[in-house]
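**Student:** Next one to model:
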Amino acid sequence: MSESPSPPSPPSPGGASPASSPPPRPARVVLLAGILLGLAGVWTTFARHPQLVGVDLKVYYVAAETALAGGDFYAASPEGHPYSYVYPPVTLPAFYPYALLGGWRAAFAVHTLLNVACALGVGVLLVRFVERHRGSSLPGVDRALVIGYVALSLHSVPSILYGETNFPLALALVAGFWWLEETGEPTKAGVAFAVPAVVKLFPAAVGLWLLRRRSWRAVAAATATGVGAFAVGAAAFGVETHLTYVRTALLPRLSGEEFVGGLDASAQLVTLRRPISVLFPSLPESAYGLLAFALLAPVVAYCYRRVETPTQRLVGVFATLAAMVVGFPSLLVYFAFLFFPLIPLLYLLEPGTPRKLFAAGAFVANFAFTATTAGALVTATPIPDATLALLDPALTLATPPLYGTVLMLAGCVLAVRRTASTPAHPS
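**Tutor:** Modelled structure (predicted):
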């Protein structure tokens with residue numbers, strides 16, 4: 001396979017022609033359910049947890065304010081807030097303008113507009129992905145559902161209401177895949193992929209896909225951008241500040257200590273390390289990550305077998321990003337990084353068992369909550385208390401997004417297996 005993808009061509013086997021486009025009903029059910037749950041999440045946040053609105057933005061605001069005053073921004077936390085800044089020093093200047101707005105509420109308003117704009121950008125790109133390989137335009141209802149899901153699903157609402165950075169980073173990832181797979185611009189793609197990797201580190205796992213695609217220019221651009229960003233940060237903030245970042249922000253996030261003895265059921269994490277820790281609570285903390293990636297590696301490798309058609313490449317990308325999200329101790333809100341290629345696959349996978357499994361997994365993954373959240377829901381509603389006897393063990397073992405991701409990966413494996421009997425082109 002050459003470094004740059006070939007120019008766009010009519011849909012090929014594994015894609016869809018206008019006459020054979022898979023029916024959109026499963027996608028519509030998944031997307032509509034996600035939107036309804038997200039709207040319920042908006043109501044719950046404002047009605048019961050208003051203190052969470054802007055909670056992450058406050059951290060960025062205080063850190064920027066402290067840095068401009070010459071203080072230690074890794075030691076600065078908003079009043080009554082247990083967390084401080086956890087991103088690399090080079091990222092902080094992006095928040096300096098917020099510190100000049102006179103208060104965190106004004107900063108939150110601006111940041112919310114940015115988040116919404118980026119969410120809409122992600123949604124538009126996803127629609128373009130689907131239409132490009134579906135072979136026909138999506139009906140208006142599907143366009144609205146795709147964009148609405150990106151902006152309003154239960155995976156999206158917390159990022160926007162808390163003032164997180166996930167949507168600008170997700171837009172960079174989706175744009176990177178657009179440039180890599182659709183327009184043949186690997187240098188742009190590499191730079192785009194480097195941005196979320198610099199901020200949150202774990203998106204560097206996208207490099208696996210670049211290696212599989214043998215896109216050396218994208219690899220070089222991503223590496224140069226990442227190394228350059230940290231070099232600029234070291235020059236601007238000094239080596240000692242970076243050592244502080246490693247000690248106080250990076251190493252605690254990489255620690256597996258919270259998994260020893262079994263992860264707390266209330267932890268807002270979507271990770272394969274949770275069920276491993278529940279089933280094997282006495283393992284050393286380093287073992288949980290190793291076991292998680294050992295389980296994921298064969299799945300990713302199998303999904304990399306065939307990458308000739310657009311849908312096959314989407315399957316490979318999904319396996320990569322799913323392993324990235326559930327392999328690391330990711331927060332539930334990081335599931336938004338799977339919108340691409342999750343949503344395109346809902347429309348482009350051919351009818352059959354793989355698509356049914358994938359759609360079922362996407363539906364289950366909509367329920368982005370933990371055992372603690374489920375307990376509060378049962379207590380506050382007419383749902384029988386006996387329901388907890390069934391839900392509690394299942395939600396202690398894993399969150400619905402993790403169950404859903406496993407089902408979607410199973411669908412991807414079956415989709416690859418379906419094409420395994422046909423001759424493969426050189427790749």
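
**Student:** need the contact list for the one residue sitting closest to the centre of the chain.
**Tutor:** Nearest to the centroid of the C-alpha atoms of the chain, with distances taken as C-alpha atoms, centre = their mean, sits Phe337, at 2.0 Å. Under the criterion of C-beta atoms under 8 Å, 6 or more residues apart in numbering, the neighbours of Phe337 are Asn166, Leu169, Ala170, Leu173, Pro196, Pro203, Leu321, Met324, Val325. Placement of C-beta: from N, CA and C, glycine included.

**Student:** List of residues touching the helix or strand hosting the fourth one?
**Tutor:** Secondary-structure assignment from DSSP states H and E places Leu173 in helix 166-177. Identification of contacts with helix 166-177 by C-beta under 8 Å, 6+ apart yields 114-115, 118-119, 121-122, 125-126, 156, 159-160, 188-190, 192-193, 195-196, 199-200, 203, 206, 317, 333-334, 336-337, 339-341.

**Student:** residue ranges for the helices of the stretch 301-427 of the chain, please.
**Tutor:** Along the stretch 301-427 of the chain, the segments classed as helices by DSSP state H, counting those that start in this stretch run 310-327, 339-348, 353-365, 371-380, 387-397, 400-419.

**Student:** Deepest-packed of these, please.
**Tutor:** Of these, the one with the most neighbours on average (mean count of other C-beta atoms under 10 Å) is helix 339-348, at a mean of 26.

**Student:** by contact count, what packs against it?
**Tutor:** Contact here means 3 or more C-beta pairs under 8 Å, 6 or more residues apart in numbering; DSSP states H and E; on that basis helix 339-348 packs against helix 25-48, helix 104-134, helix 140-152, helix 166-177, helix 310-327, helix 353-365.

**Student:** could you dump the ones you listed to TSV with distance to Ala287?
**Tutor:** As requested, the helices and strands packed on helix 339-348 are arranged in TSV below (distance: least, C-beta to C-beta, whole Å):
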stretch	distance to Ala287
helix 25-48	34
helix 104-134	36
helix 140-152	36
helix 166-177	29
helix 310-327	14
helix 353-365	26
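
**Student:** Mind putting those into JSON lines with mean pLDDT and distance to Thr248?
**Tutor:** What follows is the helices and strands packed on helix 339-348, written out as JSON lines (pLDDT from 0 to 100; distance: least, C-beta to C-beta, whole Å):
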{"stretch": "helix 25-48", "mean pLDDT": "94", "distance to Thr248": "29"}
{"stretch": "helix 104-134", "mean pLDDT": "97", "distance to Thr248": "22"}
{"stretch": "helix 140-152", "mean pLDDT": "97", "distance to Thr248": "33"}
{"stretch": "helix 166-177", "mean pLDDT": "98", "distance to Thr248": "22"}
{"stretch": "helix 310-327", "mean pLDDT": "96", "distance to Thr248": "24"}
{"stretch": "helix 353-365", "mean pLDDT": "97", "distance to Thr248": "33"}
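
**Student:** Could you list the low-pLDDT ranges of the stretch 301-427 of the chain?
**Tutor:** For the stretch 301-427 of the chain, applying pLDDT under 70 flags the ranges 377-387, 420-427.

**Student:** Burial check on Trp216, number of neighbours?
**Tutor:** Neighbourhood size, Trp216 [other C-beta atoms under 10 Å]: 13.

**Student:** Could you tell me the model confidence score at it?
**Tutor:** What the model reports for Trp216 is a pLDDT of 97.
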